[in-house]
Each structure stands twice: as structure tokens, then as C-alpha cells.
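Engineer: Got a predicted structure here, sequence first:
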Amino acid sequence: MAGARIEHLVTSGTFSLDGGTWDVDNNVWIVGDDHEAIVVDAAHDAEAIALAVGGRALRAIVCTHAHDDHIDAAPQLAARTGAPILLHPDDLPLWKQTHPDRLPDGELADGRVLAVAGIELTVLHTPGHAPGAVCLYAPALTALFSGDTLFAGGPGATGRSYSHFPTIVDSIRDRLLTLPGDTVVHTGHGETTTIAAEAPHLQEWLDRGF
């Protein structure tokens, strides 16, 4: 694994959509080694994220989706580090609500492989919370970075614009619950979980209709 590891920081700010604004704490994940890294979701505080990256080469700023709390610091972090911002194109309408004058630098597509620190992260397109939502699967780290698609306790919210409950359930069932049970799910907010911990509850989610 060439020393690859997962680092974590929590940043605080707001999430705004459909005319409402809420205070939120976001998980920011850094995957890499002593020499290079990628950032998963540049939320709220570019300075704190840049300090956590330190002198390492930042290879990419990966956006799991384009809700403003997950991308608000991305352009500033990109300007500071030179790293490209990567986003699934289905989330461009959401992105443009926050950054109308600055497009992402590259596209994420289902099956794309991102390499860093001697390991690979595979992009899984998992729409539902947002049309272009993705997760990143890193088998060498027994890790899934799920953004707001899957949390400890159930699917991400689907009550606002651009979201759809049946779609997120399909994404979780078909793309995530098929992964090894010991895969640790590193979420966009809150605590980590595992695939094995969440898999038994699929029918409950369907019955509750989140």
C-alpha cells in the first residue's frame, strides 16, 4: 500500500438549498501517504484542509456531490494547491448554484480509477441524494467514501430538489451493499459504519420511506 492511509478532519459551516440554511459539520477525508494525497469533499475551510495536507502534492479534490457544504471551499483549495476539482457532470446544475463562474476541472465517471500513494480508488456513480453523487471504493484500505449516499443508520436525505428516494435505495442496494461486509464506510457527516452493519436494514429503509 506504499504507506497509504486515511486522515480525517471535521469542518463546520452551513448547507443551503431550496431557500433554507442549516448549520452543519462535514467530514473531510484525506487519502494518501507522506508524499501525495487526494481530498474527498473540500468543505467550508480551505485553510484547515490545506494545513492538513501540508507539503504533500495534492493530486485531486474529489467532490462526492455538489451540495454547497461539500464544495464551498473547493475553488480556494484548488487555487492554493493547483489540484484539479473533479465532479460528476450530472451535478453541474447544483455546482453552478454555488460557483457560477468557476467550473470543475475534470469529470468523474462510473468506473474511473483514481490512483494515489500506490492505491486505487474506484468511482461508483450512486445517484439519489443528488444526480451526480458518487462514492469512492478503495479495497486496499477496506474503505468506502460514501459522501451523503449512505450513513450510519440509513440513506442520505432525499427530501429536497434534485434528490429521489427510490434512486438512492437502488444505488445503495446495487452498488454499495454488494461490497465486502468489512468495508468501512467513511461518511460525509457523522460516524463511520460498515457495509455489514447497514446491509440488514435495507427493508426497514424501504418501509420507512426515508
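Structural biologist: Okay, I see it.
Engineer: So the nearest residue to residue 15 once chain neighbours are set aside: helix, strand or coil?
Structural biologist: Leaving aside its sequence neighbours, residue 15 sits nearest to residue 69 (C-beta to C-beta, 6 or more residues apart in numbering; 4.0 Å). (C-beta placed from N, C-alpha, C; glycine too.) Classification of residue 69 by DSSP: H, G, I helix; E, B strand; the rest coil places it in helix.
Engineer: do you know how far residue 69 is from residue 8?
Structural biologist: 16 Å (C-beta to C-beta, to the nearest Å).
Engineer: What strand or helix carries residue 29?
Structural biologist: Element membership of residue 29, judged by DSSP states H and E, is strand 20-32.
Engineer: so what secondary structure elements neighbour that strand?
Structural biologist: If contacts are counted by 3 or more C-beta pairs under 8 Å, 6 or more residues apart in numbering; DSSP states H and E, strand 20-32 sits against strand 5-17, strand 36-40, helix 46-53, helix 68-71, strand 184-187.
Engineer: how about these, which one is nearest residue 88?
Structural biologist: With C-beta to C-beta as the criterion, residue 88 lies closest to helix 68-71 of these, at 12.0 Å.
Engineer: which strands and helices sit next to the closest one?
Structural biologist: Against helix 68-71 (3+ C-beta pairs under 8 Å, 6+ apart) you get strand 5-17, strand 20-32, helix 92-98.
Engineer: quick one: it to chain centroid distance?
Structural biologist: Centre-to-centre, helix 68-71 and its host chain are 10 Å apart (C-alpha atoms, centre = their mean, to the nearest Å).
Engineer: what's next to it, contact-wise?
Structural biologist: For helix 68-71, the external contacting residues (C-beta atoms under 8 Å, 6 or more residues apart in numbering) are 13-17, 24, 26, 41-44, 63-64, 85, 87, 95, 97-99, 147-148, 188.
Engineer: filter these to the buried ones?
Structural biologist: Neighbour counting by 16 or more other C-beta atoms under 10 Å classes 13, 15-17, 24, 26, 41-44, 63-64, 85, 87, 95, 97-99, 147-148, 188 among those as buried.
Engineer: isn't residue 58 right next to residue 83, touching?
Structural biologist: Yes. The pair residue 58 and residue 83 passes the contact test of C-beta atoms under 8 Å, sitting 3.9 Å apart.
Engineer: Each with direction, which strands does the strand holding residue 29 pair with?
Structural biologist: strand 5-17 (antiparallel), strand 36-40 (antiparallel) (DSSP bridges).
Engineer: now, of those strands, which is deepest in the fold?
Structural biologist: strand 36-40 (a mean of 25; mean count of other C-beta atoms under 10 Å).
Engineer: how far off helix 46-53 does that one point, in degrees?
Structural biologist: Angle, strand 36-40 to helix 46-53, by axes from the mean of the first three to the mean of the last three C-alpha atoms, to 10 degrees: 140 degrees.
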